[in-house]
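1. Have a look at this prediction, sequence included:
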Amino acid sequence: YGLRGMHQLLRRLGFSYKKNRLVPSKADPELQRQFVQWLAGLRERMGSDDLLLYSDAVHFKHNAEAGYAWSLRGDPHRIPANTGRQRYNVLGAYDPQGHEYCFLLTADNINQDRLIEFLGLLRVKFPDKNKLYLILDNASYNHALRVKAEAKKQGVILDYLPPYSPNLNPIERLWKFVRKKFFKDKYRDTFAKFCTQLDDFFANLDQYRPELASLITENFELIPDGWQLPLSS
């Protein structure tokens, strides 16, 4: 066959050449299905003045990320890089239906104090919403008693994803989008400039609304049955 012929044969048989996907090794397929069913029921029960948002924290390093570009063979484009030791953190919440959002950007570590502050920001951002549902992962500070008390005070109902289920959190797609738009081949020489420009990016996120509307949805790709790896002996 030769290599070319083998590729043609594989295509005729229904194969395509694509990048492999990373899948959480500890995810439970049944818990993920149950979450999607629960979510569908919650959506049916929600009132017109209720809002559901998915939340997550991300830690952006002060550095550029190398993208792709045409260049002469043996002479690649070179992008200046920083140490990447300084980080600017974002705690966010995103509504994949109405594409509303709220963000807290800070150089401080994301912990229960920052989450408590963020819950107050949510209520300020959405004062006319009756119930605010916030879906979180299982980071320890998301379960803190102080956080739950503040959520009750602010009228925010906390719900949680199944363990090891980033594929069920649409805001993860936003972080990937930010890395593509903000970081690829873009160098900022100082941390102050990096933070200011990242602030501006999130403050003007609406300019990307058409792209985000098609990217960030509740069309989940669930972990298939039998995926879980056997426990090592």
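-> Structure's in. What do you need? Numbers count the residues shown, from 1 in each chain.

2. what sits against the residue at minimal distance from the centre of the chain?
-> Residue closest to the average C-alpha location in the chain (C-alpha atoms, centre = their mean): Glu172, at 1.5 Å. For Glu172, the contacting residues are Asp56, Pro166, by C-beta atoms under 8 Å, 6 or more residues apart in numbering. For glycine as for every other residue, the C-beta is placed from the backbone atoms N, C-alpha and C.

3. In three-state terms, label it for me.
-> Assigned by DSSP: H, G, I helix; E, B strand; the rest coil, the conformation of Glu172 is helix.

4. how close does it get to Pro210?
-> 20 Å (C-beta to C-beta, to the nearest Å).

5. so Gly47 is in which element?
-> Assigned by DSSP states H and E, Gly47 falls within no helix or strand.

6. Is Gln34 located within a helix, as I assumed?
-> Yes: looking at Gln34 with three-state DSSP, it is inside a helix.

7. What's the per-residue pLDDT of it here?
-> pLDDT for Gln34: 96.

8. for it, what are its contacts?
-> Going by C-beta under 8 Å, 6+ apart, the list of residues near Gln34 reads Pro162.

9. Where does pLDDT dip in this structure?
-> Scanning the chain with the threshold set as pLDDT under 70 gives 1, 21-23, 25, 225-233.

10. quick one, helices of it?
-> For the chain, the helices defined by DSSP state H occupy 2-12, 29-45, 112-125, 145-154, 171-178, 191-203, 209-215.

11. okay if I get these as TSV plus distance to Ile223?
-> Formatted as TSV, the helices of the chain follow (distance: least, C-beta to C-beta, whole Å):
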stretch	distance to Ile223
helix 2-12	26
helix 29-45	5
helix 112-125	27
helix 145-154	28
helix 171-178	15
helix 191-203	30
helix 209-215	21
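
12. Scan this structure for its longest strand.
-> The single longest strand within the chain, with elements called by DSSP state E, is strand 51-61.

13. Just want the angle from that one to helix 29-45.
-> 130 degrees (axes from the mean of the first three to the mean of the last three C-alpha atoms, to 10 degrees).

14. circling back: how close does the residue nearest to the centre of the chain get to Val178?
-> Taking C-beta to C-beta, one finds Glu172 at 11 Å from Val178.

15. who wins for proximity to Gly67 among the helices of the chain?
-> Minimum separation from Gly67 across the helices of the chain (C-beta to C-beta) falls at helix 171-178, 13.5 Å.

16. What separation do you get for Arg45 and Gly5?
-> According to C-beta to C-beta, Arg45 and Gly5 sit 57 Å apart.

17. thinking again about what came up before, closest to Lys131 out of the helices of the chain?
-> helix 29-45 (9.9 Å).

18. Show me what counts as buried in the closest one.
-> Gln32, Phe35, Leu39 (16 or more other C-beta atoms under 10 Å).

19. Next, format those as TSV and append distance to Asn82.
-> Compiled in TSV, the buried residues of helix 29-45 are given as follows (distance: C-beta to C-beta, whole Å):
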residue	distance to Asn82
Gln32	38
Phe35	39
Leu39	40
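
20. Would you enumerate the residues in contact with Gly47?
-> Gly47 neighbours (C-beta under 8 Å, 6+ apart): Asn130, Lys131.

21. Got the phi and psi for it?
-> With angles defined as degrees, to the nearest 10, Gly47 sits at phi -80, psi 170.

22. I'd like to know how far it sits from Ala93.
-> 19 Å.
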